[in-house]
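S.K.: Next come a sequence and a model predicted from it.
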Amino acid sequence: MYGVGIGPGDPELLTLKAKRILEQVDCIAIPKTSGDRKSHALSIVSRVMDVKKDIIELVFPMSFDGEILGKGWKDAVGEVRQRLEQGKDIAFITLGDPTVYSTYFYIHKELKSMGYETEIVPGVTSFCAAAAKAGVSLGENRESIAVIPSAYECENLDEVLDGFDTIVLMKVAKNIDMLRKKLMEKGLVDKAVIVSKCGFEDELIEFNLNKVEDEKLSYFSTIIVRKAWSGIL
């Protein structure tokens, strides 16, 4: 079982190792949130290789209910184990890197505990790609970096904004208005850039957060706050 990071969206950021493994495995597993939605991960891979393989669609419920989530994970592990028991190799493709807030790691831990062979193939993280596209450094010299998932749920956001030199706020679309107000309150709004759908054709890079149309903001949106900036670039 391979957990393969395929980067944030640009197919050219797929690593040589990732491409080699994807070409050699028998099956490709893709995470989906519902049975009828398109897989962003598979669409990226299909632009660099032929994906005429056994595609395993693993549906993970978007829920905070432990019972519902537990059933989703159990079903996904069961789907994967069927192929592994047949002697097939599987690549679970995940956006960004498998070790950074990835759905894959839940399956990885379960399969590893059951004695199956597993390998993680790193990928380019979305926030590193976003920084590169925006032309900014995430950290220099001894500067500290904080990476915060689902920023709208961060209870100690004030402490994070006060205590780090660079703050990466991931998946910000649901509460961009609150974050914008918070950054203005902290005097940091002019030291921030938002990157949405990095690497996709409809990518957005905006250094003026007041210009962002909240209702059109993608789930795949990240704000980078860098205190060392002298102002908007």
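M.R.: Perfect, thanks for sending it. Residues are numbered from 1 along each chain as shown.
S.K.: Going by C-alpha atoms from here, please, whenever you check contacts or count neighbours.
M.R.: Fine.
S.K.: Would you mind measuring from Ala91 to Ala134?
M.R.: According to C-alpha to C-alpha, to the nearest Å, Ala91 stands 31 Å off from Ala134.
S.K.: higher neighbour count, these two?
M.R.: Ala91 (28 against 19; other C-alpha atoms under 10 Å).
S.K.: dump the residue contacts of that one.
M.R.: Contact analysis of Ala91 by C-alpha atoms under 8 Å, 6 or more residues apart in numbering lists 1-4, 21-22, 25, 27-29.
S.K.: now with 10 Å?
M.R.: In this structure, Ala91 makes contact with 1-5, 18, 21-30, 55-56, 80, 118-121, judged by C-alpha atoms under 10 Å, 6 or more residues apart in numbering.
S.K.: Which members of these occur in strands, if any?
M.R.: 2-5, 27-30, 55-56, 119-121 (DSSP state E).
S.K.: Any chance of the residues you listed in JSON lines with pLDDT as columns?
M.R.: Output for the ones in strands among the contacts of Ala91, formatted as JSON lines (pLDDT from 0 to 100):
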{"residue": "Tyr2", "pLDDT": "98"}
{"residue": "Gly3", "pLDDT": "98"}
{"residue": "Val4", "pLDDT": "98"}
{"residue": "Gly5", "pLDDT": "97"}
{"residue": "Cys27", "pLDDT": "97"}
{"residue": "Ile28", "pLDDT": "97"}
{"residue": "Ala29", "pLDDT": "96"}
{"residue": "Ile30", "pLDDT": "93"}
{"residue": "Ile55", "pLDDT": "94"}
{"residue": "Ile56", "pLDDT": "93"}
{"residue": "Glu119", "pLDDT": "97"}
{"residue": "Ile120", "pLDDT": "98"}
{"residue": "Val121", "pLDDT": "98"}
